[in-house]
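Colleague: need a 3D model of the sequence below.
(one chain, ligands or ions: 1)
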Amino acid sequence: MVVGMAGSGKTTFMQRLNAHLHQKKEPPYIVNLDPAVKNVPFDRHIDIRDSVNYKEVMKQYNLGPNGGIMTCLNLFATKIDQVLGILEKRAPTLSRILVDTPGQIECFVWSASGAIVTDALASSFPTVLAYIVDTPRTTSTSTFMSNMLYACSILYKTKLPMIIVFNKTDAQDALFAKEWMTDFETFQAALRKEEEKEDGVNSGYMGSLMNSMSLMLDEFYNHLDVVSVSSMTGAGIDDFFKAVDSKVEEYKRDYLPELEKARKEREKRKEEDKNEQIDKLMADMKVAESSSRGKPRKNKKVSASEPEIDTLSDAMDSDSDEAMEGDPEPEDGTNDGRMEDDSLVDRYERALHRDGGKEDTTDESFMRYLNAPR
Ligand SMILES: Nc1nc2c(ncn2[C@@H]2O[C@H](COP(=O)(O)OP(=O)(O)OP(=O)(O)O)[C@@H](O)[C@H]2O)c(=O)[nH]1
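Modeller: As a prediction, the model looks like this:
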C-alpha cells in the first residue's frame with residue numbers, strides 16, 4: 001500500500017512497480033483508492049472512481065475537496081467486503097496487490113474508512129506500507145522532520161510494517177536523509193548549520209523542538225526499512241522489493257499473532273457481554289417471579305412515611321426488606337426462599353447448562369439460540 005504526501009510521486013512509483021513486475025512476468029493486481037486522481041497511467045483492476053463520482057459527491061453533499069475525498073472513501077468502505085471477496089478469489093493467481101491512496105494523506109490515514117480499508121486488507125493479506133518521500137523537498141531539517149513525524153504517526157496508527165521510500169533520487173541523493181536517520185549528531189549539525197545560514201529560521205523554539213523530536217524519533221527509525229529509488233529511472237526498485245519481502249516476514253512474525261490476539265479478545269469480550277446479558281436476564285426473572293408469586297404481605301405496616309415503589313430497584317429493595325422481616329430464609333442457607341419449585345429460572349438455568357451440564361430437551365431451542373454463533 002503506497003502512502004505519502006501530495007506530489008511525493010506515489011502514482012509514478014506505482015507505475016514503475018507495475019512496469020517492473022510486468023517485466024518479471026509477475027503482473028500485479030492494482031487497486032486505486034484515490035477518488036480525485038485525474039489520469040492514472042496504468043490499468044487498474046479495482047478503481048474507487050468506478051463506484052463513486054468525486055465531483056458529484058462534492059456537489060451533492062456540498063463539500064470541499066478534502067470532505068469530498070473522505071465521503072468517497074466512506075462510501076467505498078461500505079463495499080470493502082465485496083472488494084475483499086474479489087481479491088481473495090484472485091489471490092491464488094496473484095503475486096502482489098498494489099494499492100494507491102489519495103495524496104490528501106490525512107483523509108485516508110485518519111478517517112474511519114481509511115482504517116477500515118487498511119485493517120480489512122491487512123487481516124486478509126500480508127500488508128506492507130510504502131511511505132513515499134519527495135527527497136529533493138526534504139533537504140531542510142524541518143520538512144524532513146514533518147515527513148518523519150507523519151510516517152511515525154501512520155506507523156503507530158496502523159501498526160503495519162513500513163518502508164520509507166526516498167523517491168526522486170535522480171534529482172537528489174538520499175544519503176543525507178539516511179545519515180540523519182542513523183546518526184543523531186549529523187542531524188544536530190545540520191540543524192545548527194541551518195540556524196546560522198537561514199538567520200535563525202529554525203532557532204529558538206523551532207530548533208529545540210526539532211532537537212527533542214529527533215531524539216524521540218530514534219526509536220521509530222529502528223522499526224523501519226529505508227530505500228532510495230527513482231520512479232523516473234527505475235533505480236533502486238530491486239532494493240524496494242527486497243525490503244518488501246523482509247517486511248512480509250515481519251508481518252507474519254509480529255502482525256499476524258497480534259491480529260489473532262485481537263480477534264480472540266474481541267470474541268472473549270463478546271462472550272462476556274453475552275454472559276452479562278444472561279445474568280441480567282436471570283436477575284430480572286428472579287425479581288419478576290418473586291413479585292408475581294403474590295405472597296401475602298405479612299405484618300405489613302402501612303405508614304405515611306413509607307415510600308411508594310416506582311422503579312425496579314425500589315421493588316427489589318422493598319422485597320428483600322420484606323423477606324428479611326416476614327419470610328425468613330431457611331437455616332441451612334441453601335435456598336433464598338423464592339426458588340423452591342421447578343421455576344422458570346430453574347428451567348432457564350438448565351437450558352444454559354448451568355446446573356452441571358444436564359440436558360433438558362424441553363428448552364432445546366432456547367439453548368440452541370443462546371449458543372448459536374452471532
Ligand atoms: N525527477 C523525478 N520526478 C519524479 C519522480 N517521481 C515522480 N516525479 C514527479 O513528481 C510529480 C508528482 O508525481 P505523482 O506521481 O503525480 O505524485 P503523487 O504523489 O501521485 O501526487 P498526488 O496524486 O497529487 O498525491 C510529477 O511531476 C512526477 O513526474 C522521480 O523519481 N524523479
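Colleague: next, see if the host helix or strand of Y150 gets close to the ligand.
Modeller: Assigned by DSSP states H and E, Y150 belongs to helix 141-158. No: with Cβ under 6 Å from any ligand atom as the criterion, the ligand is not reached by helix 141-158; the gap is at least 12.8 Å. Bear in mind the C-beta positions are built from the backbone N, C-alpha and C, glycine included.
Colleague: which helix or strand lies directly C-terminal to that helix?
Modeller: The helix or strand immediately downstream of helix 141-158 is strand 162-167, counting by DSSP H and E.
Colleague: identify the residues contacting the next helix or strand after that following strand?
Modeller: Per DSSP H and E, the first helix or strand lying C-terminal to strand 162-167 is helix 175-182. Here helix 175-182 makes contact (Cβ atoms under 8 Å, 6 or more residues apart in numbering) with 133, 135, 138-139, 141, 144, 148, 166, 186-187, 190, 214, 221, 224, 226, 228.
Colleague: closest to the ligand among those?
Modeller: Checking the contacts of helix 175-182 against the ligand with Cβ to the nearest ligand atom, the nearest one is T135 at 8.5 Å.
Colleague: spatially nearest residue to the residue of the stretch 51-200 of the chain found nearest the ligand (excluding sequence neighbours)?
Modeller: Residue nearest to the ligand within the stretch 51-200 of the chain (Cβ to the nearest ligand atom): G103, separated by 2.1 Å. Once flanking residues are discounted, G103 sits nearest to A6: 3.3 Å by Cβ to Cβ, 6 or more residues apart in numbering.
Colleague: so who does that neighbour touch?
Modeller: Per Cβ under 8 Å, 6+ apart, neighbours of A6: G103, Q104, I105.
Colleague: any idea which of those residues is the one closest to T233?
Modeller: Using Cβ to Cβ, G103 is the member of these that sits closest to T233, with 22.2 Å.
Colleague: and the stretch 151-300 of the chain, which residues reach the ligand?
Modeller: N167, K168, D170, A171, S230, S231, M232.
Colleague: what about this structure, any weak spots by pLDDT?
Modeller: 198-204, 287-374 (pLDDT under 70).
Colleague: looking at the contacts of A6, which are in helices?
Modeller: Those of those mapping onto helices are I105, per DSSP state H.
Colleague: do I have it right that D225 meets V165?
Modeller: No: contact criterion Cβ atoms under 8 Å: D225 and V165 do not qualify, at 9.4 Å.
Colleague: ok, those two, which is more surrounded?
Modeller: Using other Cβ atoms under 10 Å as the criterion, D225 and V165 rank with V165 on top: 30 against 19.
Colleague: quickly list what that one is bridged to.
Modeller: Beta bridges link V165 to I132, V227, judged by DSSP bridges.
Colleague: ok, the nearest residue to I154 once chain neighbours are set aside - contacts?
Modeller: Nearest non-adjacent residue to I154, counting by Cβ to Cβ, 6+ apart: V109, 5.3 Å away. Listed by Cβ under 8 Å, 6+ apart, the contact set of V109 reads V3, S153, I154, K157, T158.
Colleague: number of nearby residues for the third one?
Modeller: Taking other Cβ under 10 Å as the criterion, the count of residues near I154 is 23.
Colleague: and if you look at the last one?
Modeller: Residues lying near T158 (other Cβ under 10 Å) number 20.
Colleague: and the helix of greatest length in the chain, what does it pack against?
Modeller: What stands out as the longest helix in the chain, according to DSSP H, is helix 256-292. If you count contacts as 3 or more Cβ pairs under 8 Å, 6 or more residues apart in numbering; DSSP states H and E, helix 256-292 packs onto helix 312-326, helix 344-351.
Colleague: from the chain's centre, how far out does it sit?
Modeller: Mean-position distance between helix 256-292 and its chain equals 24 Å (Cα atoms, centre = their mean, to the nearest Å).
Colleague: next: stretch 161-176.
Modeller: On the basis of Cα atoms, centre = their mean, stretch 161-176 sits 28 Å off its chain's mean C-alpha point.
Colleague: also stretch 5-16?
Modeller: With Cα atoms, centre = their mean, you get 25 Å for stretch 5-16.
Colleague: wait, does that stretch contact the ligand?
Modeller: Yes: Stretch 5-16 reaches the ligand (Cβ under 6 Å from any ligand atom) through A6, G7, S8, G9, K10, T11, T12.
Colleague: mark which of these are buried, thanks.
Modeller: Listed as buried from the residues of stretch 5-16 next to the ligand are S8, G9, K10, T11, T12; burial here means 16 or more other Cβ atoms under 10 Å.
Colleague: the fourth one against D100, yeah?
Modeller: It stands for T11. Yes: contact between T11 and D100 holds when scored by Cβ under 8 Å: they sit 6.3 Å apart.
Colleague: where do the contact lists of the two overlap?
Modeller: D34, V37, V40.
Colleague: give me every residue that touches the second one.
Modeller: When contacts are counted by Cβ under 8 Å, 6+ apart, V37 is found next to T11, R49, D100, P102.
Colleague: and it, that's in a strand?
Modeller: No: counting by DSSP: H, G, I helix; E, B strand; the rest coil, V37 is not part of a strand but coil.
Colleague: how about it, phi and psi?
Modeller: Here is the backbone geometry of V37 (degrees, to the nearest 10): phi -70, psi 140.
Colleague: now the last one
Modeller: Listed backbone geometry of V40 is phi -110, psi 120, with angles given as degrees, to the nearest 10.
Colleague: ok, and the closest non-adjacent residue to it?
Modeller: N32 (5.8 Å).
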